[in-house]
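**Q** Structure for the following, please:
(chains A, B, C and D)
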Protein chains: 2
Amino acid sequence: MATMHDVANLAGVSLSTVSYALTGVRPVSEKTRARIQAAMDQLGYQRNAIARSLASRRTHILAMLFPAIERGLSGTALEFVTSAAETARERGYHLVLWPVNDQEGHETRELLQQGLADGALVMEVRLDDPRVALLHEVGTPFTLIGRTEDPDTLHYADIDFETTVRDALDHLTALGHRDIALLSHSRASLDAGYGPTVRVGAAFERYMTERGLSVVVRHCDESADAGRIATAGLAASHPRVTALMTMNDAATFGAMAELLERGKRIPDDMSVLSIVSSPRVGALSHPRLTTMSAPGTELGRLGVTSLIAQIEGTGATALHTLIPCRLDVQSTTGPARLPMNHTP
Amino acid sequence: MATMHDVANLAGVSLSTVSYALTGVRPVSEKTRARIQAAMDQLGYQRNAIARSLASRRTHILAMLFPAIERGLSGTALEFVTSAAETARERGYHLVLWPVNDQEGHETRELLQQGLADGALVMEVRLDDPRVALLHEVGTPFTLIGRTEDPDTLHYADIDFETTVRDALDHLTALGHRDIALLSHSRASLDAGYGPTVRVGAAFERYMTERGLSVVVRHCDESADAGRIATAGLAASHPRVTALMTMNDAATFGAMAELLERGKRIPDDMSVLSIVSSPRVGALSHPRLTTMSAPGTELGRLGVTSLIAQIEGTGATALHTLIPCRLDVQSTTGPARLPMNHTP
DNA sequence: ACGGTTAGTCGAAACGCTTCGACACCATGT
DNA sequence: ACATGGTGTCGAAGCGTTTCGACTAACCGT
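**A** As a prediction, this is how the structure comes out:
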């Protein structure tokens, strides 16, 4: 591999001039610039990324922190990851995956202190996420994909769960539904303070109450079986429910299977609206699921962009962006079945 | 951040001794090793990864090459990616994502020649994949996840499609099925020489012919709708078919929906076996899909392990591993409906 | 008592770049 | 004619490691 030294020699200029020609930090005359370019072409020169990093104290590497164990990443996460990696590359950065699950943060700290990454993208954020303190302490710029409880001083991009839930309920109530149940993530995720579970639960409660409707929530694990069981329980305890709002892909499929098996027609007897999902997942079911699709691609792009802005010290304004899911109406939501007597 | 220099001063030894204590390349007495350790603890010292890379000409970074555009990564791919990233970390390596889609390979070459990565993991391999030549030329060690047409001289881990198809057919024929159709990936992927499509097609043809059965293959895009259309066509042209072997998750769901809509019972009237899939995906349907699940985790682990072995020059034997998918019998495969007259 | 190892340590030279200070040069405006 | 200021270039000092050659002291067999 040719080095900058070789290029300088061949072009008959000093090493630093080549560097300036490349970085543009200081002006270089058109003439010498051309000679340098010719030399680089001839040698097939590429700047050594590592040496560059060492000298400039910028690695152009972004780390993506995700707790790997917790049920692996979902389908949305994949979209997010590829979008983040792509955006990074477009901007001349690299995205490295750090699937770390140490509660104490020892491993994460070591990784950060090795100085490999210029910044971090934090996934699967909890309301009281300990990684925030860690990152502050180490001094690594970071952007959350998600939010802590009080994220005003932080940079984050997250799903606007409040709006998503409201839009979802608008859709359902416009169809005449009044008895709506929420099928959410596991209770464990709620207890752990996992953002989506907590926020959707709160928003659901709030908007249902505002509309004078009663709040029915079921938590269940990420499996079709758990979804079936939860749905069966719901049918027994709340037979009046005409619409299911779900945030749990696997459970949603289980729920639909259970409903069909019980002879319920979808959407005639029961509407199903899956939020924080994606049309791609929705297309897998029959009838095709009405979904509110998560903005994974946008979040990936935004997160990386904001992180780079922090690192480079440009774009002084902090990222505080919430993006709601988009409603994609398909075949599992329809008018509520004729109203029965509404006395309790 | 403390440097090795600081540690050396505090411990009262030379810089190189600290380095030797850390790398173990040369012996260091127990006494000074202890002093160095104490100094490091006191300073909270962490070796700078970049300086290390520059001096040792080893970045401990592995690049994962995947063509981003092509329908994004599938669910199996996610498993693979996280497994690869985890394995890398366990071994002290980092996995960086390079979603590159340039046919000419200019971008890939530039990336490689920057010297950031010690090696590459190549995904979505085609039978005549041009990246192989590129990697050879650049001199970067690499391992394929997949195989080219003639991969004997290369390192690879791939799904054993031949065995997978054979096992799948064993399962189906044991249930009495003789009229079996294959619903595969898109024709475009076949034309592009995408490994799975080509190999599964060939194996299907071979094993069906061996058993004296007629070969029916349908290619369709990665969508439920395409799956429905293909299934409708199949019903018209080959009404005798009693079993569908599919390799296309989205299309499989579409196919099942279409079958149900036509009043077919699954598996009574039609068995469905989804290969190169996963139980997690299978659990989404009702009835629950019988699948042959792809060994994503194993492939990730193997690929990274082999790549590291190449880089470090250990483990002289090349990786030539094929892993078949595992059969997970659920509810969409069952005995063939009573045999009709088998004359053509 | 003597060359030959070996364990343990040091200083200095890379690794391939960025960046700083200095300097020469030429065009200004006065 | 002269300071002023921008352009364009150079040499050298880092960046924080690894690694090489060299040296010392202790230990071995004879």
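**Q** Just read off the phi/psi values of A:Met292.
**A** Here the main-chain torsion angles of A:Met292 (degrees, to the nearest 10) amount to phi -120, psi 110.
**Q** Next, count neighbours for it.
**A** 26 (other C-beta atoms under 10 Å in any protein chain shown). C-betas here are computed from N, CA, C, even on glycine.
**Q** Next: A:Ile311.
**A** 19.
**Q** wait, what's in contact with it?
**A** Contact partners of A:Ile311, counting by C-beta atoms under 8 Å, 6 or more residues apart in numbering or on different chains, are A:Arg58, A:Asp118, A:Gly119, A:Pro141.
**Q** Spatially nearest residue to the second one (excluding sequence neighbours)?
**A** When the adjacent residues along the chain are set aside, A:Asp118 lies closest to A:Ile311, with 4.9 Å between them (C-beta to C-beta, 6 or more residues apart in numbering or on different chains).
**Q** In a helix, that neighbour, correct?
**A** Yes - counting by DSSP: H, G, I helix; E, B strand; the rest coil, A:Ile311 falls inside a helix.
**Q** and it, what pLDDT?
**A** For A:Ile311, the pLDDT comes out at 94.
**Q** what separates it from DNA strand C, distance-wise?
**A** 13 Å (C-beta to the nearest atom of the strand, to the nearest Å).
**Q** gap between the residue of the stretch 201-344 of chain A found nearest DNA strand C and B:Met270?
**A** Proximity of the stretch 201-344 of chain A to DNA strand C (C-beta to the nearest atom of the strand) peaks at A:Glu312, 11.6 Å away. Distance, A:Glu312 to B:Met270, using C-beta to C-beta, to the nearest Å: 58 Å.
**Q** Where do the strands of chain A begin and end?
**A** A:61-66, A:94-99, A:119-122, A:142-145, A:156-159, A:180-184, A:216-219, A:243-246, A:271-277, A:290-293, A:320-323, A:326-328 (DSSP state E).
**Q** So for the second one, mean pLDDT?
**A** The one in question is strand A:94-99. Computed over strand A:94-99, the average pLDDT equals 96.
**Q** Then the longest one?
**A** What strand A:271-277 shows for mean pLDDT is 96.
**Q** what angle sits between that strand and strand A:180-184?
**A** Between strand A:271-277 and strand A:180-184, the angle comes out at 40 degrees (axes from the mean of the first three to the mean of the last three C-alpha atoms, to 10 degrees).
**Q** could you say what helices and strands strand A:271-277 packs with?
**A** Packing partners of strand A:271-277 (3 or more C-beta pairs under 8 Å, 6 or more residues apart in numbering or on different chains; DSSP states H and E): helix A:161-174, helix A:195-210, strand A:243-246, helix A:249-261, strand A:290-293.
**Q** please redo it, this time with the cut-off set to 7 Å
**A** If you count contacts as 3 or more C-beta pairs under 7 Å, 6 or more residues apart in numbering or on different chains; DSSP states H and E, strand A:271-277 packs onto helix A:161-174, strand A:243-246, helix A:249-261, strand A:290-293.
**Q** comparing those, which gets the lowest mean pLDDT score?
**A** Between those, the one with the least mean pLDDT is helix A:249-261; it has a mean of 90.
**Q** for DNA strand D, what are the nearby residues on chain A?
**A** Residues of chain A lying close to DNA strand D (C-beta under 7 Å from any atom of the strand) are A:12-17, A:20, A:26-29, A:31-33, A:51, A:54-55, A:57.
**Q** Are any of the residues you listed buried, and if so which?
**A** For the residues of chain A next to DNA strand D, a neighbour count by 16 or more other C-beta atoms under 10 Å in any protein chain shown gives the buried set as A:Val13, A:Thr17, A:Tyr20, A:Val28, A:Thr32, A:Arg33, A:Leu54.
**Q** Got the confidence number for the fourth one?
**A** It stands for A:Val28. Residue-level pLDDT assigned to A:Val28 equals 94.
**Q** need the contact list for the closest residue to it other than its chain neighbours.
**A** Nearest residue to A:Val28 in three dimensions, chain neighbours excluded: A:Ala21, at 4.5 Å (C-beta to C-beta, 6+ apart). A:Ala21 sits next to A:Val28, A:Arg33, A:Ile36 when contact means C-beta atoms under 7 Å, 6 or more residues apart in numbering or on different chains.
**Q** ok, so of those residues, who is nearest chain B?
**A** A:Ile36 (17.6 Å; C-beta to the nearest C-beta).
**Q** Among A:Glu312 and B:Met270, which residue is more densely surrounded?
**A** For A:Glu312 versus B:Met270, neighbours defined as other C-beta under 10 Å are more numerous around B:Met270 (26 against 13).
**Q** where does the residue nearest to the more buried one when sequence neighbours are not counted land on pLDDT?
**A** Spatially, and ignoring its direct neighbours in sequence, B:Met270 is nearest to B:Lys264 (5.1 Å; C-beta to C-beta, 6+ apart). B:Lys264 is assigned 93 on the pLDDT scale.
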